[in-house]
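1. got a structure for you, letters missing:
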């Protein structure tokens, strides 16, 4: 049995009257408009893979001028009807190919796939929509990138208009299957890819040891060029939803919880596998337990009924949820509906370490009586969710850029928390550190409140306070960290266009080194802002500078490129002595397209094949310890 955290989504909070006009300010704020206009980069040749709630394939922002789709394929994990199809090698879910999407668009029919919620369509639009339905006003960061869509989660949607309700769905257990399918497609196409998993909420082992985090770290990082993974920190920062302390042998401590909201609440507590804690759960209806800790190979499961009831799991280190590998034990309690005060009494039956860490989900971003919160052992921070704690992940959070907007009915609207004002961190942004003491936040991006494509048939589009452009191709707002993560994803697509050989570690380093400080961020890095506010122009400029010609004497390497012009060419080298050699191909703007070899080569002749390239002019550059040699290459198709 495996339990996942509830998905938290901020839909609509039309609370405060404030300023806010329709504009493209997010591209100006991040420097993306300069990347487009001055550097000519718009995501061409890069794949943006959106792992979210699905997509509206009919929206013009994900279609070409001729009406065909910009989507390479859709992988819908919520529907197993196509699990055995020839175009689906995974045996789970349904694949919709580009040809199938185009056929449906051409015939005016609809695929079974949909984005019932609307979150996935807006995410894709902010990252890679071309803004065609708004004359470019609401174009995403990488409007010429190709898009892959994985429907991986949904919190469900009520019936609306002529649309049927959608049940909640969670396919996070299939993360490895989804990643490998998309990576295989990108490799076959010879294109770099940036992924965005735009979901996740506080809880789990936020130390990089969950199966989700380890799946990321196994596929992204140093030495794995042209692939990057992004997931936001969480929408659970700035609240008393993390508690930590120590228990001595024989001591009893009381972890007090105020359940302010009549709905689901989860406590997830971790402690060392060498310890044993006895547990008593006190609810408004009475006391339960105490229950002794199970062995590390066992799980103690108990259910207490009633409105103040709960389901209790006490897991040994070999039976924890989330597939964790940290050797710790877990106490996970799902509480039912009753509002009130709850106490978890922990007694140190056998203690060698005594440290415990606990989270509440959802904390709820509201202040006041309906907030779920710890009332003892509260420690600020530590609200990065378990997926974002992967070591090779890019984890942005959100700051306020547009603090209000005018909806289609002329009313001024805002999200809760935007009252901190433009430039300030949105108060719900997940912040570090991680449980194992790492920063947890890479950079911060404008996420409140961004405007992107809305699915015309989505539940989002029924919330008129969030809609800014009505009609068959609407636009509306997306806030919180969900609004910031696609901005970072699209910027990474621009970076990969500038240098498709960058790996995730190099992308993270570039983002961190080029991020900017201001009076809001203070001195960086810190666990709130990461390394500061993202600066796309500075990051791409640095990439282009590093791919410019390397100065130095002419290397005697017997370099030849033949045939030339050609559709496929071979590079010949003749080295007078053994040396370290880097052989790379640059495009007409001096941007590195691919690295064919980087390492030692023996003396003598060598031949290297050039991978399939688009038509155009290129430079083959060979860099050795003795100097540099270049030859022109013209590719024809």
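-> Everything's here; your move. Treat the numbers as computed from the prediction; the structure is a model and nothing was measured. Numbering: from 1, shown residues only.
2. contacts, neighbours, all on C-alpha from now
-> Noted.
3. nearest residue to residue 292 other than its sequence neighbours?
-> residue 278 (4.5 Å; Cα to Cα, 6 or more residues apart in numbering).
4. which helix is the longest one in this structure?
-> Longest helix of the chain, by residue count under DSSP state H: helix 480-498.
5. look up the pLDDT of the residue sitting nearest the centre point of the chain for me, please.
-> For the chain, residue 231 is the residue whose C-alpha lies nearest the centre (Cα atoms, centre = their mean; 2.0 Å). Predicted confidence (pLDDT) for residue 231: 97.
6. pretty sure it contacts residue 483?
-> No - Residue 231 is beyond contact range of residue 483, at 11.4 Å (criterion: Cα atoms under 8 Å).
7. so what touches whichever strand or helix holds the residue nearest to residue 292?
-> Using DSSP states H and E, residue 278 sits in strand 276-283. Residues from elsewhere that reach strand 276-283, judged by Cα atoms under 8 Å, 6 or more residues apart in numbering: 287-293, 308-309, 340-351.
8. in strands, which of those residues appear?
-> Counting by DSSP state E, the contacts of strand 276-283 place 287-291, 340-350 in strands.
9. circling back: list the neighbouring strands of the strand holding residue 278 plus their orientation.
-> Its sheet considered, strand 276-283 pairs with strand 286-291 (antiparallel), strand 340-350 (antiparallel) by DSSP bridges.
10. most packed of the ones you listed?
-> Neighbour counts (mean count of other Cα atoms under 10 Å) averaged over each of the strands paired with strand 276-283 peak at strand 340-350, with a mean of 19.
11. which parts of whichever helix or strand comes after that strand are buried?
-> Per DSSP H and E, the first helix or strand lying C-terminal to strand 340-350 is strand 355-361. By neighbour count on 16 or more other Cα atoms under 10 Å, the buried set for strand 355-361 is 356, 357, 358, 359, 360, 361.
12. for residue 332, see how far away the second one is.
-> Right, the one you point to is residue 357. Using Cα to Cα, to the nearest Å, residue 357 is found at 12 Å from residue 332.
13. any weak-confidence spans in this protein?
-> The model of the chain has pLDDT under 70 over residues 1-23, 364-369, 546-552, 637.
14. apply 80 and report the result again.
-> Within the chain, the stretches falling below the threshold (pLDDT under 80) are 1-24, 363-370, 545-555, 588-591, 615-617, 636-637.
15. what about the residue nearest to residue 292, neighbour count?
-> Using other Cα atoms under 10 Å, residue 278 has 19 neighbouring residues.
16. for residue 602, see how far away it is.
-> 65 Å.
17. roughly how far does residue 475 sit from residue 399?
-> Taken as Cα to Cα, the span from residue 475 to residue 399 is 21 Å.
18. who has more neighbours, those two?
-> residue 399 (32 against 28).
19. beta partners for the more buried one?
-> Going by DSSP bridges, residue 399 forms beta bridges with residue 425, residue 446.
20. ok, residue 356 next?
-> Bridge pairing for residue 356 - DSSP bridges - gives residue 245, residue 271.
21. now for the strand or helix carrying residue 184, which elements pack on it?
-> Residue 184 is part of helix 175-189, with elements assigned from DSSP H and E. Under the contact criterion of 3 or more Cα pairs under 8 Å, 6 or more residues apart in numbering; DSSP states H and E, helix 175-189 touches helix 211-219.
22. show residues contacting the helix it packs on.
-> Under Cα under 8 Å, 6+ apart, the answer for helix 211-219 is 172-173, 175-176, 208, 229, 322-325, 386-393.
23. hmm, back to that, okay if I get the strands paired with strand 276-283 as JSON lines plus distance to residue 514?
-> Converted to JSON lines, these look like this (distance: least, Cα to Cα, whole Å):
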{"stretch": "strand 286-291", "distance to residue 514": "52"}
{"stretch": "strand 340-350", "distance to residue 514": "45"}
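24. run through the neighbouring helices and strands of the longest helix of the chain.
-> strand 47-52, helix 119-128, strand 193-197, strand 227-230, strand 397-400, strand 444-448, helix 536-546.
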